[in-house]
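J.: pasting the structure only:
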């Protein structure tokens, strides 16, 4: 539980897999590539606030069970712990579609460098959980989505750009990004 460790004064880690990778919005001491085992990045959350509305939902990323996820780990100073967690809750917990949990992550993919990190994992029982939607449905939702934080298309493209900057690909997100840009792979 987060509240039991909020004010212990120790530095802590935050695991980012979506917009937190390219727009963290909080101060940090260190930024490292990291991997989380047991969950994967998926466009599996209907966005009713940040990238859509209840009437015209967008689609945003969640950590869904199974697989693994490469992302970014931020080390935050203990003195900024309470303020950072409050900021993250205000940003990530607007509709409570994510569960706030501590998970083990591997820094720089090195099994000797394991740390506990704050993660936001999708709640599969929440009404905004979209599950594994077909590409055409994802494309429709992302094209229509616009919310408090802007255009849903820009969110997807910025996330793909950050993934590429880290030196890897997320095949499903990259395919969606190509479609959003109007590029089709041969045979599509």
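T.: The structure has been received and is ready for your questions. Here the structure is a predicted model, which means the values were calculated and not measured. Numbers count the residues shown, from 1 in each chain.
J.: show me what contacts residue 116?
T.: 12, 13, 102, 103, 104, 105 (C-beta atoms under 8 Å, 6 or more residues apart in numbering). C-betas here are computed from N, CA, C, even on glycine.
J.: what bridges to it?
T.: residue 104 (DSSP bridges).
J.: list phi and psi for the residue nearest to residue 149 when sequence neighbours are not counted.
T.: Leaving aside its chain neighbours, residue 149 sits nearest to residue 50 (4.0 Å; criterion: C-beta to C-beta, 6 or more residues apart in numbering). Dihedral pair for residue 50: phi -70, psi -40, per degrees, to the nearest 10.
J.: thinking again about what came up before, farthest-separated two in the contacts of residue 116?
T.: 12 and 104 (13.3 Å; C-beta to C-beta).
J.: what is in contact with the two at once?
T.: Each of 116, 117 lies in contact with both residue 12 and residue 104 under the rule C-beta under 8 Å, 6+ apart.
J.: neighbour count: those two, which is higher?
T.: Set residue 12 next to residue 104 and count neighbours by other C-beta atoms under 10 Å: residue 12 wins out with 22 against 13.
J.: would you map the strands across the chain?
T.: 12-16, 30-47, 58-76, 98-107, 114-122, 146-147, 150-151 (DSSP state E).
J.: the longest one packs against which elements?
T.: If you count contacts as 3 or more C-beta pairs under 8 Å, 6 or more residues apart in numbering; DSSP states H and E, strand 58-76 packs onto strand 12-16, helix 19-22, strand 30-47, strand 98-107, strand 114-122, helix 135-144, helix 152-165.
J.: change it to 6 Å
T.: strand 12-16, strand 30-47, strand 114-122, helix 135-144 (3 or more C-beta pairs under 6 Å, 6 or more residues apart in numbering; DSSP states H and E).
J.: single out the most deeply packed of those.
T.: Highest mean neighbour count among the helices and strands packed on strand 58-76 (mean count of other C-beta atoms under 10 Å): strand 12-16, with a mean of 23.
J.: ok so, going back, the helices and strands packed on strand 58-76: which one's closest to residue 80?
T.: Short answer: strand 12-16, nearest of those by C-beta to C-beta, at 9.4 Å.
J.: just how off-centre is that closest one within its chain?
T.: 11 Å (C-alpha atoms, centre = their mean, to the nearest Å).
J.: got it, and stretch 16-25?
T.: The answer for stretch 16-25 is 7 Å, by C-alpha atoms, centre = their mean.
J.: one step back: can I get the helices and strands packed on strand 58-76 in TSV with mean pLDDT and distance to residue 75?
T.: Putting the helices and strands packed on strand 58-76 into TSV (pLDDT from 0 to 100; distance: least, C-beta to C-beta, whole Å) gives the following:
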stretch	mean pLDDT	distance to residue 75
strand 12-16	98	6
strand 30-47	97	4
strand 114-122	97	8
helix 135-144	97	32
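J.: nice, that's everything, thank you.
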